[in-house]
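Novice: Need coordinates for the following:
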Amino acid sequence: MKWLTALLLALLVALQYKLWFGEGNPPEVWQLRETLEAQQVENRQLRSRNEALEAEVIDLKTGLDAIEERARRELGMIGEDEIFFQVVDRHRFPEYR
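Specialist: Numbers count the residues shown, from 1 in each chain. Next up is the predicted model:
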């Protein structure tokens, strides 16, 4: 009877060791879940960025308003009937006082 108890105890220890330290152990699963959550957050951010870029591409292909807005913002262009005013920040450029 003692040898059966010892055998069962050894089997229990072996199974517990495999559970806690073998492949797929709880700490590894927790770490994988954290990695998965971080990847899902990054994927949501990238998906949102891609949707914004796709909307901008469609806007640029279909309408002139987006092209005009970009020309104004990035190239400093103005329309035919407009007057250009340049405002100088005196705090940033003290030589223009």
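
Novice: now stretch 8-19, how far from the chain's geometric center?
Specialist: 43 Å (CA atoms, centre = their mean, to the nearest Å).

Novice: now that stretch: mean pLDDT?
Specialist: For stretch 8-19, mean pLDDT is 81.

Novice: any chance you could map the strands in this protein?
Specialist: Counting by DSSP state E, the chain has no strands at all.

Novice: tell me, what residue is most central in it?
Specialist: Most central in the chain under CA atoms, centre = their mean is Glu42, positioned 3.1 Å from the mean C-alpha point.

Novice: where does that residue land on pLDDT?
Specialist: Looking at Glu42, its pLDDT reads 97.

Novice: Next one: it from Ser48, what distance?
Specialist: 11 Å (CB to CB, to the nearest Å). In short, each C-beta sits where N, CA and C put it, glycine included.

Novice: Look through the chain and tell me its longest helix.
Specialist: In the chain, ranked by residue count with DSSP state H as the criterion, the top helix is helix 26-62.

Novice: For that one, name the packing helices and strands.
Specialist: Secondary-structure packing of helix 26-62 (3 or more CB pairs under 8 Å, 6 or more residues apart in numbering; DSSP states H and E): helix 64-75.
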